[in-house]
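Colleague: Structure, please.
(one chain, ligands or ions: 1)
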Amino acid sequence: MIIAYVLEENVAVRLLKTKLRDAPDTPVEKAASDIRGRRESYWDGYYAKASSAPVVPSQFAAFIAGEFPDADLIVDIGCGNGRDSFFFADLGYSVIGIDASASAIQRCRQQNKAAKFINTSIDAAMHESVLNQSRLEHANVLAYSRFFLHAIDHVEEGQFWDFAKHLCAHPGDILALEFRNEDDSLRLKETGLHYRRYPNHDEVVARAQQRGFVLRYEAQGRGFAKYKNDDAVVSRLIFENDPH
Ligand SMILES: C[S@@+](CC[C@H](N)C(=O)[O-])C[C@H]1O[C@@H](n2cnc3c(N)ncnc32)[C@H](O)[C@@H]1O
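Modeller: Coordinates of the predicted model:
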């Protein structure tokens, strides 16, 4: 009898939670989703204009290609206009670029190159069947993410770590990150005002280590990602997956 009561109460709590989830968000959740919505429209508008984003590969992409010539599959997380995805694909890597911006992915697909592109936000990325199939078909994975970590909020960063761990399932799989760090927050930018967060270098390292990634390389400073007047203070981190 007591058990039945407890079960019923649990069901009631669950129903209440479902109802709450379907109802408008709490002020904090609502603010977060408003920010995400505005951010998505920003990137959609940015990538819809042909002239907006640089099309040459980033310095980071060249660095990573030099370090990992034998990478089998590169997943470019937050690929934007695909400039680094195309660079990797031209070098012969298998490449999948993912991005939440529909206009960015549409433009990438129009280029009809060897790389594949998926329009998904980070929270849903691990359920993408093309990606999961490709992961199984390749011996090793290099998860690559440039200027993405500072473009997402804390909740999404949690989803990013889950996804990175999902991708880098084999021992020795690589996670390569470049992002604007906290020392960049007050510096001049070339691109217009939009959502940016400035993660702390050591805190990102700690969060990766908590997930079983082993730090193989770290650097931070200016000169790594200069774009016109914006010589960003960035962190470069390379981790290797340790499944134990
Ligand atoms: C600063 S751009 C970086 C683009 C590219 N990696 C580069 O270096 O040129 C950040 C990208 O992250 C994407 N993005 C932002 N939030 C996202 C999310 N939650 N899920 C997937 N992509 C997201 C944006 O659409 C944008 O293309």
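
Colleague: after the helix or strand of the chain with the lowest mean pLDDT, next one along is what?
Modeller: Sorting the helices and strands of the chain by mean pLDDT, DSSP states H and E puts helix 2-22 at the bottom, at a mean of 39. Downstream of helix 2-22, the first helix or strand assigned by DSSP states H and E is helix 27-48.

Colleague: Check whether that following helix comes near the ligand.
Modeller: Yes - Helix 27-48 comes into contact with the ligand (Cβ under 6 Å from any ligand atom), by way of Trp43. Where you see a C-beta, it was placed from the backbone N, CA and C, and this is true even at glycine.

Colleague: Let the chain start at 772 from now.
Modeller: Okay, residue one is now 772; in that scheme the one you just asked about reads as helix 798-819.

Colleague: Go ahead and measure how far that helix is from the middle of the chain.
Modeller: 16 Å (Cα atoms, centre = their mean, to the nearest Å).

Colleague: Quick one: list the elements packing against that helix.
Modeller: helix 873-881 (3 or more Cβ pairs under 8 Å, 6 or more residues apart in numbering; DSSP states H and E).

Colleague: in its sheet, what does the helix or strand following the helix it packs on sit against?
Modeller: Downstream of helix 873-881, the first helix or strand assigned by DSSP H and E is strand 887-890. Strand pairing for strand 887-890, using DSSP bridges, gives strand 865-870 (parallel).

Colleague: if you average pLDDT over the partner strand, what comes out?
Modeller: In this model, strand 865-870 has a mean pLDDT of 98.

Colleague: got the contact list for that strand?
Modeller: The contact list for strand 865-870 (Cβ atoms under 8 Å, 6 or more residues apart in numbering) reads 814, 843-851, 853, 856, 859-860, 876, 879, 885-891, 896, 899, 901-902, 905, 909.

Colleague: Give me the buried stretch members for that strand, please.
Modeller: Applying a neighbour-count criterion of 16 or more other Cβ atoms under 10 Å, one finds 865-870 buried in strand 865-870.

Colleague: quick one: it near the ligand?
Modeller: Yes - judged by Cβ under 6 Å from any ligand atom, strand 865-870 and the ligand are in contact via Asp870.

Colleague: May I have that strand as PDB, with CA atoms only?
Modeller: C-alpha atoms of strand 865-870 as PDB (Å, rounded to 0.1, in the frame of the first residue of the first chain):
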ATOM      1  CA  SER A 865      37.500  11.900 -44.300                       C
ATOM      2  CA  VAL A 866      35.700  14.900 -42.800                       C
ATOM      3  CA  ILE A 867      32.300  15.600 -41.300                       C
ATOM      4  CA  GLY A 868      31.500  19.200 -40.400                       C
ATOM      5  CA  ILE A 869      28.600  20.000 -38.000                       C
ATOM      6  CA  ASP A 870      27.000  23.300 -37.200                       C
END
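
Colleague: For the ligand, give me its nearest residue in this protein.
Modeller: Gly851 (2.7 Å; Cβ to the nearest ligand atom).

Colleague: so what pLDDT did that residue get?
Modeller: 96.

Colleague: just the one 10 residues further on next, same as before
Modeller: Looking at Asp861, its pLDDT is 96.

Colleague: Endpoints of stretch 960-974, how far apart?
Modeller: 24 Å (Cα to Cα, to the nearest Å).

Colleague: in it, what's buried?
Modeller: Buried positions in stretch 960-974, judged by neighbour count with 16+ other Cβ under 10 Å: 967-970, 972.

Colleague: List the contacts of Asp813.
Modeller: One thing to correct before we go on: residue 813 is Tyr, not Asp. Going by Cβ under 8 Å, 6+ apart, Tyr813 touches 965-966.

Colleague: and if you look at the one 5 residues further on?
Modeller: For Tyr818, the contacting residues are 824, 851-852, 872, 874-875, 878, by Cβ under 8 Å, 6+ apart.

Colleague: In a markdown table: those residues, plus distance to Arg993.
Modeller: A markdown table is the format used below for the contacts of Tyr818 (distance: Cβ to Cβ, whole Å):
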| residue | distance to Arg993 |
| --- | --- |
| Ala824 | 21 |
| Gly851 | 21 |
| Asn852 | 24 |
| Ser872 | 27 |
| Ser874 | 31 |
| Ala875 | 27 |
| Arg878 | 30 |
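
Colleague: Lovely, talk soon.
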